[in-house]
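Student: pasting the sequence and the predicted coordinates here, then a few questions.
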Amino acid sequence: MVKEYLVRKIARVIAQIDGLPRLSADEIQLEHPKKDLHGDLSTNAAMILAKKAGQDPQAIAEAISQKLKLNRGLIKSWSVWAPGFINFTYGSRYLWDQLLEIHGQEKNFGKSELGKGQKVQVEFVSANPTGPLNVVSARAAAVGDSIANILQATGHYVEREYYVNDTGAQVRRLAESVEIRYRQLLGESVELPDDAYHGEYLIDLARELIDQVGIEYLSLPPAETREKIRHQALHKLVTAQQNDLKQFGVTYDVWMSERNLKKSGVLEEVLALLTEGGHIYEREGAVWFRSSDFYDEEDRVLIKEDGEATYFLMDIGYHKNKLDRGFHRIIDLWGPDHHGYVPRMRSAVEALGIDASRLDLRIIQQVNLLRGGKPVKMSKRAGSIITMRELVKEVGTDVARFFFLMRRLESHLDFDMDVAVEQSEENPVYYVQYAHARISSILKHAKDQGVTLPAIEDVKLSLLNKKEELDLIKEIILLPEVILGAARSLEPHRLTVYLRDVATAFHLFYHKYRVVTDNAGLTAARLALIKATQVVLKNALKLIGISAPTHM
RNA sequence: GGGCUAUUAGCUCAGCCUGGAUAGAGCGUUGGUCUCCGGAACCAAAGGUCACAGGUUCGAAUCCUGUAUAGCCCGCCA
């Protein structure tokens, strides 16, 4: 790439100038300036040197600039700007060559080998199986799935995992709630306790149960009834979650059962390891982990006074299990209510003798759901939630995913359902998809005129020399570095920002010039240009799980 | 009381990691573009003390400290 080439050249020139400290390739930064005026690439190397050498930055920039000898096909020109920038402008030949590159790689354009040999796991959503998925889970699903896609595109081996909390108090409470609904439907006068799950969906679930087994469960021993109901309720709810996610375009490689994990003996193993390492003590009848020896502010209980394991111990076991599965790195996407758990989890991993940097915990901030500007209070117990299914039904998968991915993870997100529905016509996702569809339409139009794109080697790309044409090329060739940046930072929202820029550059070109003209050579070159644009749009959309329609 | 996150245009947000040039989009507002491959488009204008106050720096939306405001968390629940 031209960036590496430039960095190499600049470093070499700096080394040749007396009285200047050397700069490593990492220290020489090349940015894409915001203003056209400042060229296509810019470096502030002279200003960094000025600081180190105590000299005038502009003079240093001049010295570097004069000594530089560059391939004019790659870099057409360069100049020094106050207070010490050196700005470079691409040579057209470089841009045309990049266009060839896109045509050559097609659906592989943008991919890289950054993570070659790296095995990564992404765990996300992992909502309790006590009800339907809500909009917060939808955000996590959109983000997690896109991160996984992006990591795959950068050469990582990726597994998506969902952790099913299918054991513990909440599941007992779930089974109890369903059983009461079951009995109520069959005419028994039983009251639902305050701490049970009150959602309507459990009544539906109980009704399904009756359809299946009738009144059979009334006559079984209580423990057996409870167990059967627990099992069936979990199965139905997990299946429903799977279907919701699938409809949202998200499928997992592994659905990990907490219950099975518990049976595997991993808790005992963890306890033994921690005891061995001297990280455990007893106090007031409970077993404590010295997390304050690491990153946490206080120690945490692993085994309660009543002899039961805490959720935390279970979670340590789960992370031990994940790390033992050979992943170089595991990424967890957690909700904001879990931020307090980050220090203790990192502590635990380190106490187990595992490099804590292999564990990447990311917090996805909350979604405040609004309707007509008013907040919707969501409580699973009270049953007043807006589900992921309703969201998808109202605004569609593409709109929902794009919307969630326009913000970065840390931003709290206000999602107004009414506005989302009203503005769906104006939604930026359509802007991007429209560009893709329009290109399809032009290609079809060309075909109808009997014009097809010749083999790319036979196209005279040098006919593309108008500003809008070159600007469009400059935009679409950014895809690989945008994907790299998104992968390094785990920030899928960079793709949505980029997609809009590409669409804008395309529309700009489209409005200024016709693609299909009487000039066969020019037509071919422009067809090649828009085809490459379409490839870029499609590849980027695919990474964030959004469709690339050929017509709308 | 402690912690996490946020605060950028009327609204919704990028930009912050890695300091740099006149702080960018979309929506909304106002005005304009259509003999033409898709108007779900394009152009232009108005709109900003980057919450506030200090600090570091040649240079701060960006780094540091403090303050304010908002949301969330602070259990031998999961």
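Tutor: Done, it's in. Numbering: from 1, shown residues only, chains lettered A, B, ... in the order given.
Student: pLDDT weak spots in the stretch 201-350 of chain A?
Tutor: Judged against pLDDT under 70, the stretch 201-350 of chain A has no low-scoring part.
Student: ok, now chain A?
Tutor: Judged by pLDDT under 70, the stretches of chain A that qualify are A:372-385, A:418-426.
Student: other SSEs contacting the lengthiest helix in it?
Tutor: Taking DSSP state H as the criterion, chain A has its longest helix at helix A:222-247. If contacts are counted by 3 or more C-beta pairs under 8 Å, 6 or more residues apart in numbering; DSSP states H and E, helix A:222-247 sits against helix A:169-185, helix A:200-213, helix A:388-395. For every residue, glycine as well, the C-beta is placed using N, CA and C.
Student: C-terminal to it, what's the next element?
Tutor: strand A:254-257 (DSSP states H and E).
Student: who's in contact with A:Gly144?
Tutor: A:122-125, A:160, A:250, A:333 (C-beta atoms under 8 Å, 6 or more residues apart in numbering).
Student: any chance of those in JSON lines with neighbour count, secondary structure and distance to A:His319 as columns?
Tutor: Formatted as JSON lines, those follow (neighbours: other C-beta atoms under 10 Å; DSSP: H, G, I helix; E, B strand; the rest coil; distance: C-beta to C-beta, whole Å):
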{"residue": "A:Val122", "neighbour count": "29", "secondary structure": "strand", "distance to A:His319": "14"}
{"residue": "A:Glu123", "neighbour count": "22", "secondary structure": "strand", "distance to A:His319": "10"}
{"residue": "A:Phe124", "neighbour count": "27", "secondary structure": "coil", "distance to A:His319": "15"}
{"residue": "A:Val125", "neighbour count": "28", "secondary structure": "coil", "distance to A:His319": "17"}
{"residue": "A:Arg160", "neighbour count": "21", "secondary structure": "strand", "distance to A:His319": "17"}
{"residue": "A:Val250", "neighbour count": "24", "secondary structure": "coil", "distance to A:His319": "22"}
{"residue": "A:Leu333", "neighbour count": "23", "secondary structure": "strand", "distance to A:His319": "14"}
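Student: would JSON lines of those with distance to A:Glu390 be doable?
Tutor: Below are the contacts of A:Gly144 laid out as JSON lines (distance: C-beta to C-beta, whole Å):
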{"residue": "A:Val122", "distance to A:Glu390": "26"}
{"residue": "A:Glu123", "distance to A:Glu390": "25"}
{"residue": "A:Phe124", "distance to A:Glu390": "21"}
{"residue": "A:Val125", "distance to A:Glu390": "17"}
{"residue": "A:Arg160", "distance to A:Glu390": "24"}
{"residue": "A:Val250", "distance to A:Glu390": "17"}
{"residue": "A:Leu333", "distance to A:Glu390": "22"}
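Student: out of those, which one sits closest to A:Arg183?
Tutor: Comparing these against A:Arg183 with C-beta to C-beta places A:Val125 closest, at 32.0 Å.
Student: ok, now how distant is that closest one from A:His412?
Tutor: 19 Å (C-beta to C-beta, to the nearest Å).
Student: can you map out the strands along the stretch 1-150 of chain A?
Tutor: A:30-31, A:41-43, A:75-81, A:85-90, A:119-123 (DSSP state E, counting those that start in this stretch).
Student: nearest to A:His436, of these?
Tutor: strand A:85-90 (25.4 Å).
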